[in-house]
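Student: Sequence and predicted structure, then a few things I'm wondering about:
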Amino acid sequence: MKHVKSLINQFTYLMQNRPGLMAALAFSSGLASYVLVERKESLAQFIALFLLLSWLWLLIDNWLRDRVEQRFGVALSPNIMRFALQMVHQECLFFALPFFLAVTSWDHPQAVFTVLIMLCAVISLIDPLYYKKLAPNRTLFVLFHAFALFVVLLVILPILLNLTTSQSLATALITAVALTIPSLGQLVINGHWWRLPLLVFMLCIFSGGLWLVPSWVPPAALRLTGITLSHQVDLEQRKPGVSIKELEAYTLHHQGLYSWTAVKAPRGLNEKIFHVWLLNNKEVDRITLDISGGREQGYRAWTHKLNFPKNAVGQWQVKVVTESEQLIGLTKFTVTP
């Protein structure tokens with residue numbers, strides 16, 4: 001017991017008197033999360049579970065510090081708690097970032113969401129921005145905290161619980177709001193009585209906005225590894241024929257088109273996606289496709305469309321979307337007279 005108490009005292013002393021060491025540890029942990037997930041995605045399950053437990057630990061922070069002080073006689077400084085919170089933010093943002101970078105369509109509004117993750121990750125790394133600009137502003141800090149939790153839940157839920165993308169989006173929104181309020185309750189203790197209702201209201205507005213425009217949120221659990229439009233598909237090899245980017249209306253009406261896709265998803269995940277056909281940005285058809293996760297190259301499947309409008313000349317798109325309209329990827333082709 002004396003040895004444990006000595007280690008806790010030494011760690012507390014270092015963290016309280018060496019802020020540079022705290023910053024280095026925080027930076028290293030965030031970088032490690034990014035590198036590990038980039039190199040071996042199977043480690044994501046372990047890191048996801050660790051991050052989820054770290055958020056639960058933040059909920060019982062005050063109780064835990066009291067128990068440590070009673071048991072070991074060591075009073076943990078609030079600075080250590082702030083450092084731990086910063087580290088968790090970094091872990092969450094840098095852990096999730098590779099998933100979103102891999103699926104974001106940069107010519108789509110969902111690029112705004114991914115850029116926001118990158119901006120928050122940079123802020124969490126730079127102490128002057130994090131402690132002097134963000135942390136003193138309680139409202140912004142609560143929104144930052146909620147956003148970090150929401151982002152990591154979008155990745156964790158499909159990996160750990162095999163929730164579909166639509167289920168993950170709804171669950172992440174509700175959970176982020178529910179867990180953010182008690183975990184940051186200490187920020188409003190000395191504030192005005194209206195601060196907590198205001199923060200709850202702003203969180204609800206933030207969540208409601210994302211719920212109304214889910215297409216802006218990239219589906220972190222799904223990755224389009226291939227999409228091809230062709231007149232034929234090799235059924236045995238499950239491979240498409242020659243890719244088509246332009247064809248005549250006569251050929252389109254008489255041969256139709258196969259839309260072949262390979263979508264990578266976590267093992268055990270069963271997801272319903274849609275091939276949405278658009279002519280000059282107007283939807284003309286939506287075909288359902290069921291996929292299963294676990295294959296490294298992506299689950300290969302296709303749909304065959306034969307029914308086209310009489311006047312099919314123009315610019316076409318085939319979008320691959322989830323049930324909640326989150327864009328996985330798209331391809332384009334042109335039909336000439």
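Tutor: Looks like it arrived, so ask away. Residues are numbered from 1 along each chain as shown.
Student: who's in contact with residue 243?
Tutor: 228-230 (C-beta atoms under 8 Å, 6 or more residues apart in numbering). Yep, even glycine has a C-beta here, placed from its N, CA and C like the rest.
Student: And for residue 335?
Tutor: 246-249, 252, 312-314, 316.
Student: Tell me the buried residues within those.
Tutor: Burial by neighbour count, 16 or more other C-beta atoms under 10 Å: within the contacts of residue 335 this picks out 247, 249, 252, 312, 316.
Student: can you point me to the longest helix in the protein?
Tutor: helix 78-103 (DSSP state H).
Student: re the thing from before, just the contacts of residue 243: which are in strands?
Tutor: Judged by DSSP state E, strands contain the following of the contacts of residue 243: 228-230.
Student: Could you single out the nearest of these to residue 123?
Tutor: Nearest to residue 123 among the ones in strands among the contacts of residue 243 is residue 228, at 40.0 Å by C-beta to C-beta.
Student: bridging residues for the residue nearest to the closest one when sequence neighbours are not counted?
Tutor: Using C-beta to C-beta, 6 or more residues apart in numbering and skipping the chain neighbours, the partner closest in space to residue 228 is residue 240 (4.0 Å). Going by DSSP bridges, residue 240 is paired in beta bridges with residue 233.
Student: hmm, back to that, could you look up the next helix or strand downstream of the longest helix of the chain?
Tutor: Downstream of helix 78-103, the first helix or strand assigned by DSSP states H and E is helix 110-125.
Student: With just CA atoms, put that next one into PDB.
Tutor: This file holds the C-alpha atoms of helix 110-125, laid out as PDB (Å, rounded to 0.1, in the frame of the first residue of the first chain):
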ATOM      1  CA  GLN A 110     -20.000  16.500 -45.400                       C
ATOM      2  CA  ALA A 111     -16.500  17.900 -46.000                       C
ATOM      3  CA  VAL A 112     -17.500  20.700 -43.500                       C
ATOM      4  CA  PHE A 113     -18.100  18.100 -40.800                       C
ATOM      5  CA  THR A 114     -14.700  16.400 -41.300                       C
ATOM      6  CA  VAL A 115     -12.900  19.800 -41.400                       C
ATOM      7  CA  LEU A 116     -14.600  20.700 -38.100                       C
ATOM      8  CA  ILE A 117     -13.200  17.500 -36.600                       C
ATOM      9  CA  MET A 118      -9.700  18.400 -37.900                       C
ATOM     10  CA  LEU A 119     -10.100  21.900 -36.400                       C
ATOM     11  CA  CYS A 120     -11.200  20.600 -33.000                       C
ATOM     12  CA  ALA A 121      -8.300  18.100 -33.000                       C
ATOM     13  CA  VAL A 122      -5.800  20.900 -33.600                       C
ATOM     14  CA  ILE A 123      -7.400  23.000 -30.900                       C
ATOM     15  CA  SER A 124      -7.100  20.100 -28.400                       C
ATOM     16  CA  LEU A 125      -3.300  19.900 -29.100                       C
END
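Student: At which residues are the helices of this structure located?
Tutor: Along the chain, counting by DSSP H, helices occupy 2-17, 19-39, 44-59, 61-72, 78-103, 110-125, 127, 138-161, 165-183, 195-212, 249-255.
Student: where's the last one relative to the chain centroid, distance-wise?
Tutor: Centroid separation between helix 249-255 and its chain, computed with C-alpha atoms, centre = their mean, to the nearest Å, is 40 Å.
Student: again with stretch 309-319
Tutor: 32 Å.
Student: mind checking the end-to-end distance for that stretch?
Tutor: Its first and final residues considered, stretch 309-319 spans 18 Å by C-alpha to C-alpha, to the nearest Å.
Student: next one: stretch 213-225
Tutor: End to end - C-alpha to C-alpha - stretch 213-225 spans 25 Å.
Student: Show me where this structure dips below the pLDDT cut-off.
Tutor: By pLDDT under 70, the low-scoring segments of the chain are 1-49, 51-52, 54-66, 68-69, 72-81, 181-196, 198-199, 294, 296.
Student: Compare the ones in strands among the contacts of residue 243 and tell me which has the most neighbours.
Tutor: Greatest neighbour count in the ones in strands among the contacts of residue 243, by other C-beta atoms under 10 Å, goes to residue 229: 22 neighbours.
Student: ok, now how distant is the closest residue to that one other than its chain neighbours from residue 308?
Tutor: For residue 229, ignoring the flanking residues on the chain, the nearest one in space by C-beta to C-beta, 6+ apart is residue 244 at 4.9 Å. As judged by C-beta to C-beta, to the nearest Å, residue 244 and residue 308 stand 14 Å apart.
Student: Wait, residue 120 touches residue 90, no?
Tutor: No. Using C-beta atoms under 8 Å, residue 120 is not in contact with residue 90, being 9.8 Å away.
Student: okay, those two: which has more neighbours?
Tutor: residue 90 (26 against 20).
Student: How many neighbouring residues does residue 99 have?
Tutor: 27.
Student: Buried residues, stretch 224-244. List them.
Tutor: With burial defined by 16+ other C-beta under 10 Å, the residues of stretch 224-244 counted as buried are 224-231, 233, 239-240, 244.
Student: want to throw the residues you listed into TSV with distance to residue 267?
Tutor: Formatted as TSV, these follow (distance: C-beta to C-beta, whole Å):
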residue	distance to residue 267
224	18
225	15
226	19
227	22
228	25
229	29
230	28
231	33
233	25
239	23
240	25
244	33
